[in-house]
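In: sequence first, predicted coordinates after that:
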Amino acid sequence: METIQVVIDAKLLQATDRAARKSRLNRSELVRLALQEHLRRLRTLESEERDRRGYEKHPHKASDEWEAEAAWPLE
C-alpha cells in the first residue's frame, strides 16, 4: 500500500473520525472503503451511460420476434 496526504477541512475530519469510530474502523480504512465505493459508483454510471447511448442508437422495435413469445396467450 501507498501512503498519501489528503487535505480536508476540520468539519469533514471530525465527521470522518466519528464515522470511523461508529463503524469500528480506523480513519484510513474508512477513507479507503469510501473511495472504493465512489469508484464503483463511477464505473456503474459510466456503464449505464454507455448502455443508454447504445439503446438510443438502436431503439427497441415493437416488431421484434420476441414480442410474441412474451405476450400472454389469449383464451
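Out: All right, it came through fine.
In: mind checking how far the one residue sitting closest to the centre of the chain is from Val31?
Out: Centroid-nearest residue in the chain, with Cα atoms, centre = their mean: Arg41, separated by 2.1 Å. From Arg41 across to Val31, the span is 16 Å (Cβ to Cβ, to the nearest Å). Backbone N, C-alpha and C define where each C-beta goes, glycine included.
In: now swap in Pro59 and tell me
Out: 42 Å.
In: now do the longest helix seen in the chain, average pLDDT.
Out: Ranked by residue count, the top helix of the chain under DSSP state H comes out as helix 27-57. For helix 27-57, mean pLDDT rounds to 96.
In: in that helix, what's buried?
Out: Judged by neighbour count using 16 or more other Cβ atoms under 10 Å, the buried positions of helix 27-57 are 30-31.
In: what helices and strands are in contact with that helix?
Out: helix 10-23 (3 or more Cβ pairs under 8 Å, 6 or more residues apart in numbering; DSSP states H and E).
In: which residues sit against the helix it packs on?
Out: 8, 26-27, 29-31 (Cβ atoms under 8 Å, 6 or more residues apart in numbering).
In: neighbours around His60, how many?
Out: As a burial measure, His60 scores 8 neighbours (other Cβ atoms under 10 Å).
In: so it, which state does it fall into?
Out: coil (DSSP: H, G, I helix; E, B strand; the rest coil).
In: then Trp72?
Out: Going by three-state DSSP: Trp72 is coil.
In: burial of it, as a residue count?
Out: 5.
In: Ala19 too?
Out: If we define neighbours as other Cβ under 10 Å, then Ala19 has 14 of them.
In: same check, this time on Leu12
Out: Using other Cβ under 10 Å, Leu12 has 10 other residues around it.
In: can you tell me how far it sits from Pro59?
Out: In terms of Cβ to Cβ, Leu12 sits 44 Å off from Pro59.
In: one more: His38?
Out: Taken as Cβ to Cβ, the span from His38 to Pro59 is 32 Å.
In: what of Glu46?
Out: 21 Å.
In: next: Leu45.
Out: 22 Å.
In: about what we covered before: and the longest helix of the chain with helix 10-23, angle?
Out: 100 degrees (axes from the mean of the first three to the mean of the last three Cα atoms, to 10 degrees).
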